[in-house]
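J.: My questions concern the predicted model and sequence given below.
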Amino acid sequence: MVRRRPGTLLPLEIGILEQAVDARDPIHGFAIAKLLRDASGARVLTAHGTLYKALARLETAGLLASSWEDPDIAATAGRPRRRLYEVTGAGRAALVAARAQLPSPRLQPGVEPAPSSRNPPLPKLRRTATEMVAVRRNFGETRAFGLGEFV
């Protein structure tokens with residue numbers, strides 16, 4: 001089992017909180033699965049075991065609250081009752097914190113990112129990658145040849 005720092009959210013959990021916040025009204029698990037599928041452009045739903053375990057973790061952490069649907073509504077619709085989820089205040093705060101920690105979205109092709117102190121721009125090479133492939137192993141040490149000159 002992968003361990004994670006306390007207070008961090010998995011991408012699935014962030015997606016669940018985002019969909020539950022956007023729904024504004026309490027929402028059931030299957031509807032969350034469909035919204036996650038639509039938001040990601042996937043062709044299949046998130047596995048129910050994965051989804052409901054994540055919902056349970058979020059509820060245990062106090063980020064979601066759940067309640068059972070009114071039995072009369074379910075009986076009128078001719079289906080079993082649904083468990084409805086809504087985001088708590090702590091869940092909204094955790095979502096804001098998680099969004100702040102996410103890396104910035106990728107830029108469109110051809111758009112140069114602004115240089116930053118964390119990620120300085122890489123120097124451009126004159127030679128192509130195929131010319132840079134010449135690698136020789138000598139006494140367990142790897143040396144690369146043909147790297148070209150910097151522009």
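T.: That came in fine, so what should we check first? Numbers count the residues shown, from 1 in each chain.
J.: Quick check: buried residues in stretch 12-25?
T.: When burial is assessed from 16 or more other C-beta atoms under 10 Å, stretch 12-25 yields the following buried residues: 12-20, 23. The C-beta positions use only the backbone N, C-alpha and C, and glycine is treated the same way.
J.: What are the contacting residues of it?
T.: Contacts of stretch 12-25 with the rest of the structure, by C-beta atoms under 8 Å, 6 or more residues apart in numbering, involve 9, 27, 31-32, 35-36, 39-40, 46, 50-51, 54-55, 57-58, 63-64, 85-87, 91-92, 94-95, 98-99, 102.
J.: Show me these that map onto strands.
T.: Those of those mapping onto strands are 27, 64, 85-87, per DSSP state E.
J.: For the residues you listed, give me a markdown table that also has distance to residue 72, pLDDT and neighbour count.
T.: As requested, the ones in strands among the contacts of stretch 12-25 are exported to a markdown table (distance: C-beta to C-beta, whole Å; pLDDT from 0 to 100; neighbours: other C-beta atoms under 10 Å):
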| residue | distance to residue 72 | pLDDT | neighbour count |
| --- | --- | --- | --- |
| 27 | 19 | 94 | 20 |
| 64 | 24 | 96 | 23 |
| 85 | 20 | 96 | 25 |
| 86 | 20 | 95 | 16 |
| 87 | 26 | 95 | 25 |
